[in-house]
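In: Okay, structure incoming, though there's no sequence with it:
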């Protein structure tokens, strides 16, 4: 579990930096300011939750468990749905309806599971 979370954190961190640089250097001239802001929101949430996954990986070395596994899975899914849907909206014009809020709910549920896992630590 720890290896998976740290690998996912590295993947999401790497792609978050790449997408942020792409937005800053490649999209700044082609997007409206509001569109750039939406894209950057996706990058911000991806990066913050990549760091959280890294922390979960470290925690999993000490105290693995189902709640922590659920937290990491939900954060990963939340990044894909929330940030991914924002990227698709801006880059492809894809309106995915409830995907973005569902991603946000996954992120919140992941944080809840992490909190419960921490509460159960001995």
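Out: Alright, I've got the coordinates. In this text the structure is predicted, and so the values were computed from the model without any measurement. Numbers count the residues shown, from 1 in each chain.
In: what sits against the residue positioned nearest the centre of the chain?
Out: The C-alpha lying nearest the average C-alpha coordinate of the chain belongs to residue 79 (CA atoms, centre = their mean; 2.9 Å). Residue 79 is in contact with 12, 45-46, 49-50, 103, 107, counting by CB atoms under 8 Å, 6 or more residues apart in numbering. Backbone N, C-alpha and C define where each C-beta goes, glycine included.
In: Recalculate using a threshold of 10 Å.
Out: Residues in contact with residue 79 (CB atoms under 10 Å, 6 or more residues apart in numbering) are 8, 11-12, 15-16, 42, 45-50, 52-53, 103, 106-107, 110.
In: Filter those residues down to the buried ones, PyMOL style.
Out: Provided next is the PyMOL selection string for whichever of the contacts of residue 79 are buried by 16 or more other CB atoms under 10 Å:
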select buried, resi 8+12+15+16+42+45+46+47+49+50+52+53+103+106+107+110
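In: Which ones among the contacts of residue 79 lie within helices?
Out: Members of these lying in helices (criterion: DSSP state H): 8, 11-12, 15-16, 42, 45-50, 52-53, 103, 106-107, 110.
In: so where is the chain shaky, pLDDT-wise?
Out: Across the chain, nothing is flagged by pLDDT under 70.
In: Show me the helices in it, by range?
Out: So, for the chain - with DSSP H - the helices run 2-21, 33-62, 66-78, 84-92, 99-119.
In: who are the neighbours in contact with residue 15?
Out: Neighbours of residue 15 in contact, by CB under 10 Å, 6+ apart: 43, 46-47, 50, 79, 83, 87.
In: May I see the residues you listed arranged in a markdown table, with distance to residue 4 as well?
Out: Shown next, in a markdown table, are the contacts of residue 15 (distance: CB to CB, whole Å):
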| residue | distance to residue 4 |
| --- | --- |
| 43 | 23 |
| 46 | 17 |
| 47 | 19 |
| 50 | 13 |
| 79 | 14 |
| 83 | 19 |
| 87 | 23 |
